[in-house]
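1. After the sequence you'll find the predicted model.
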Amino acid sequence: MRRQRPNPSKRQPRRGAAAVEFAIVAPVLFLLIMTMFEFSRLQVIRHTGDNAAYEAARRAMVPGATAGDAVAEANRIMRTIGARGVQVNVTPNRIDADTRSVTVEVQTRMDQNALVAPRFTRGATLRSSSTLLTERIRTR
């Protein structure tokens with residue numbers, strides 16, 4: 001006996017199957033998308049911190065510059081991306097004619113800059129540092 005093919009117009013409709021499949025896959029998809037945004041934002045902050053440390057060290061290496069000038073420059077650059085919890089340290093604190101090099105360190109707290117899940121980055125800090133030789137006439 002020969003089996004007959006089912007008539008396509010007589011098939012049972014699959015109502016709601018796409019909605020159920022979407023409900024199962026959607027949370028994973030949204031989690032991946034939000035994770036990409038989170039890591040992208042933290043990478044922008046890290047690269048901007050690197051640039052801020054370098055530009056602040058450049059500002060402090062010229063004659064007549066102070067540690068305050070370097071701190072102001074680093075904070076200005078970090079504000080352009082809206083970074084919060086930024087701390088800038090300049091070594092040495094007092095820059096004079098005998099200073100041979102200037103080091104600027106920019107620290108940014110990750111939990112204050114996380115978009116989605118700051119609890120996972122609690123206590124973590126992004127650190128960037130730059131050391132440059134000064135352009136001063138040595139007195140000794």
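-> Great, that's in hand.
2. which residues in the protein form strands?
-> With DSSP state E as the criterion, the chain has strands at 86-91, 101-109, 125-133.
3. just for the protein, where's the confidence low?
-> Counting by pLDDT under 70, the chain contains low-confidence residues at 1, 4-14, 117-120, 136-140.
4. Does R94 touch G68 like I think?
-> No. Judged on Cβ atoms under 8 Å, R94 makes no contact with G68 at a distance of 10.5 Å. In this view, the C-beta of every residue, glycine as well, is placed from N, C-alpha and C.
5. Go through the protein and flag its longest helix.
-> When the chain is parsed with DSSP state H, its longest helix is helix 17-61.
6. and it, how far from the chain's centre?
-> With Cα atoms, centre = their mean, to the nearest Å as the basis, helix 17-61 stands 7 Å off its chain's centre.
7. packing partners for it?
-> Other elements packing on helix 17-61 under the criterion 3 or more Cβ pairs under 8 Å, 6 or more residues apart in numbering; DSSP states H and E are helix 67-79, strand 86-91, strand 101-109, strand 125-133.
8. got TSV for these, with distance to R2 and mean neighbour count too?
-> Formatted as TSV, the helices and strands packed on helix 17-61 follow (distance: least, Cβ to Cβ, whole Å; neighbours: other Cβ atoms under 10 Å):
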stretch	distance to R2	mean neighbour count
helix 67-79	78	19
strand 86-91	79	18
strand 101-109	74	21
strand 125-133	72	16
